[in-house]
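Asker: have a look at this prediction, sequence included:
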Amino acid sequence: MTVWDIYSKRGKKMPDVYQFESLPGPLRVQILRIIRNMFTSWDSTIGPSTGMYSTLHETLAQEYGLLALANGKNDMSRVEKFLLETTDIERVLDAIEISLRLLDHYQMSDGLLDATEAIKELNHRFREHGVGYQIESSTVIRVDSTYIHKKVVRPALSVLRAPHYKNAEREYRKAHEHFRHRRYGESNAGCLQALESILKVICHRRGWQFDHGKDTASRLIEIVFREGLIPDYLQSQFAALRSVLESGVPTIRNRAGGHGAGVNPRDVPEHLASYTLHLTAASILFLAESEAALQTAASATCRMTTSQSS
């Protein structure tokens, strides 16, 4: 659906500060209409009580332990009433995610559906209403800083889509999911898992020896520096970054979220978990790009050697 530049909105600045506690009524209606448009091509020939709406309704009802999401004459009306009336905004976000995943599934199976435009509009509507969530690859993530998200988190997620980084991608997305549900200790732990995974992938791809079961992030960082992931002539310039990589995410996780809480439960503050998410994204992006640059340099050297020998 096209987003129109209407007079009443023209010139109005989108909110600089996001909120996460409520979904305005107009936004809920827009979400409902977007889902309705996403499902139209699938359900128009088989009726609103079956197909995508039925799958969405049954999935959510099963997960929440409900017989029905709301009163209604069919699954479409039940889903839409639920979207408009539920006080738990995370359940609306659940409905968005599952709807997009359904589209992804059917798109892969028959090529009929494409969620790209729906995601664009959903993200625009979130920003328009100052609600701090965004869709990335059919997953809802929390956005605390537009600049950091655009320049760091989104590129990191793009890098992690590579098949060899699939475990790191799953772990980093899980960290965002924990953060969204305010499980900040678990979010920190997920960040460390993602960082360790990408370091292990790089070591494996480069043939650098490491202990897959024992080496921690700090040890893996030592290995990639020793093996020249960062060239020697840049070592002094990256001394500060090395300090962050070695003492930042791993230390945050170890002290604030990586060990048993014992008698006194730990309260990991939101701002610390947010910092860890962004620091992890920056580290992932830097490490992946450094590995790619090393591979490019090695290929160039190989071509030069081959050319000289011939």
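Answerer: Thanks, I have it.
Asker: looking at this, Q62 is in a strand?
Answerer: No - applying DSSP: H, G, I helix; E, B strand; the rest coil, one finds Q62 to be helix, outside a strand.
Asker: state the distance from it to D267.
Answerer: As for Q62, its distance to D267 is 33 Å (criterion: CB to CB, to the nearest Å). The way it works is simple: take the backbone N, C-alpha and C, and place the C-beta from them, glycine included.
Asker: for the stretch 151-300 of the chain, which spans come out with low pLDDT?
Answerer: Counting by pLDDT under 70, the stretch 151-300 of the chain contains low-confidence ranges at 231-232, 234-266, 298-300.
Asker: any chance you could map the strands in it?
Answerer: When secondary structure is read from DSSP state E, counting those that start in this stretch, the stretch 151-300 of the chain shows no strands.
Asker: please enumerate the helices of it.
Answerer: In the stretch 151-300 of the chain, the helices defined using DSSP state H, counting those that start in this stretch lie at 154-160, 166-180, 184-206, 217-226, 239-247, 249-256, 270-309.
Asker: which strands or helices does the fourth one pack on?
Answerer: In this structure, helix 217-226 makes packing contacts with helix 184-206, helix 239-247, helix 249-256, judged by 3 or more CB pairs under 8 Å, 6 or more residues apart in numbering; DSSP states H and E.
Asker: returning to what we had before: just send the helices of the stretch 151-300 of the chain back as CSV, with mean neighbour count too.
Answerer: Formatted as CSV, those follow (neighbours: other CB atoms under 10 Å):
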stretch, mean neighbour count
helix 154-160, 20
helix 166-180, 20
helix 184-206, 23
helix 217-226, 18
helix 239-247, 14
helix 249-256, 20
helix 270-309, 16
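Asker: right, so of these, which gets closest to N71?
Answerer: Nearest of those to N71, taken as CB to CB: helix 166-180 at 28.8 Å.
Asker: which of the helices of the stretch 151-300 of the chain sits closest to F20?
Answerer: For F20, the closest of these is helix 166-180, at 8.5 Å, according to CB to CB.
Asker: the inter-axis angle of the closest one versus helix 270-309?
Answerer: Angle of helix 166-180 versus helix 270-309, following axes from the mean of the first three to the mean of the last three CA atoms, to 10 degrees, is 160 degrees.
Asker: might one say that V224 is in contact with L287?
Answerer: Yes - if you go by CB atoms under 8 Å, V224 and L287 touch, sitting 7.2 Å apart.
Asker: for Q19, give me phi and psi.
Answerer: Phi and psi for Q19, reported as degrees, to the nearest 10, are phi -120, psi 160.
Asker: I'd like to know how far E80 sits from D94.
Answerer: Relative to D94, E80 is positioned 15 Å away (CB to CB).
Asker: no, scratch that, I was asking about R142
Answerer: Distance, R142 to D94, by CB to CB: 14 Å.
Asker: roughly how far apart are I284 and L192?
Answerer: Separation of I284 from L192 (CB to CB) stands at 12 Å.
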